[in-house]
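> model the structure of this input:
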Amino acid sequence: MENYTIVVKNTGKHYDTNEESFLGDKWEKTKDTKEYLEQLIKNNPNKFEGCEIQNELCDRLEFADPGDGWSYEVWVDTITNKNYKVPIEIVRDWSNIELS
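Numbering: from 1, shown residues only. Take a look at the predicted model:
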């Protein structure tokens, strides 16, 4: 999915892959695949020093439904109102087992 952007950690500016420059919040963020952005950073480590890849979609999701309760949950995008089925994993903590 194309929901990723490169952000400068300390300023919040984002990298626009069309303009090939860092822009402020007033500009619409370009969104690309994570793999594409990882390759950009790998090829230009000095240019992207102090940057991180952020998933724009994950920041907008809110829990909507427990799904089937063991393999997935449903989360809703607060902007588009689209539902996403999110796989979940249950991890049992056997080291803290108690009698019930």
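
> can you pull out the helices in this protein?
Ranges of helices in the chain, per DSSP state H, are 34-43, 56-60.

> residue contacts, the residue lying closest to Y15 once chain neighbours are set aside?
The spatial neighbour of Y15 that comes closest, neighbours along the chain excluded (CB to CB, 6 or more residues apart in numbering), is I6 at 3.9 Å. All C-beta spots, glycine's among them, are computed from the backbone N, C-alpha and C. Residues counted as contacts of I6 (CB atoms under 8 Å, 6 or more residues apart in numbering) are 14-15, 37, 40-41, 48, 51-54.

> buried only: go through these for me.
Neighbour counting by 16 or more other CB atoms under 10 Å classes 14-15, 37, 40-41, 48, 51, 53-54 among the contacts of I6 as buried.

> show me what counts as buried in the helix or strand of the chain with the lowest mean pLDDT.
Lowest mean confidence among the helices and strands of the chain (mean pLDDT, DSSP states H and E): helix 56-60, at a mean of 82. For helix 56-60, burial by neighbour count (16+ other CB under 10 Å) applies to 56-57.
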